[in-house]
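> here is my input, please return the structure:
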Amino acid sequence: MTASKDGSKNRSTSAHDDPRIRVRRIYDDSEPSDGARVLVDRVWPRGVSKDHAHLDEWLKNVAPSNELRQWYGHDPDKYAEFARRYRDELNDDTRAEAFDQLKELADKGTLTLLTASKRDDISQAAVLKKSLDSGRHG
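Next comes the predicted model:
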């Protein structure tokens, strides 16, 4: 794990991960190597201006339901169950359509999934990356 600017921990990518798909915090400065930058949170992050975000897309429809998000509360002990439930939610029509947009962007080049979560390694963006790496959402 590595520490980001605010001290939060981020898990390094494994050798099986597609290096063109990244997970980053929206609060970190954009980098030229980010490729397409897509915010995958349902709610706009506090304190971030639209200009500072440097977004290509905001796919709030791919985010977990409010009920799931509130149940999870970014509790590391609940992450595995959160990931399972969220992958199930990705099968509903609206989320599946948004997920397909992410797949299309990833097929074109580097894709950076952005989240406001303090720990991006246990965020919905991490679940999305793993799902994109495996080529499926459900």
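> center of the protein - which residue?
By Cα atoms, centre = their mean, the chain has its centre lying nearest to Ala125, at 1.7 Å.
> contacts only, for that one.
Counting by Cβ atoms under 8 Å, 6 or more residues apart in numbering, Ala125 touches Val23, Val40, Leu113, Leu114, Thr115, Ser117. Placement of C-beta: from N, CA and C, glycine included.
> which one of those residues is nearest Trp71?
Ser117 (15.1 Å; Cβ to Cβ).
> buried sites along the helix or strand harbouring Phe82?
For Phe82, the host element (DSSP states H and E) is helix 79-89. Using 16 or more other Cβ atoms under 10 Å as the test for burial, helix 79-89 gives Tyr79, Phe82, Ala83, Arg85, Tyr86, Arg87, Glu89.
> can you check stretch 113-124 too?
Residues of stretch 113-124 classed as buried: Leu113, Leu114, Thr115, Ala116, Ser117, Arg119, Asp120, Asp121, Ile122, Ser123, Gln124 (neighbour count, 16+ other Cβ under 10 Å).
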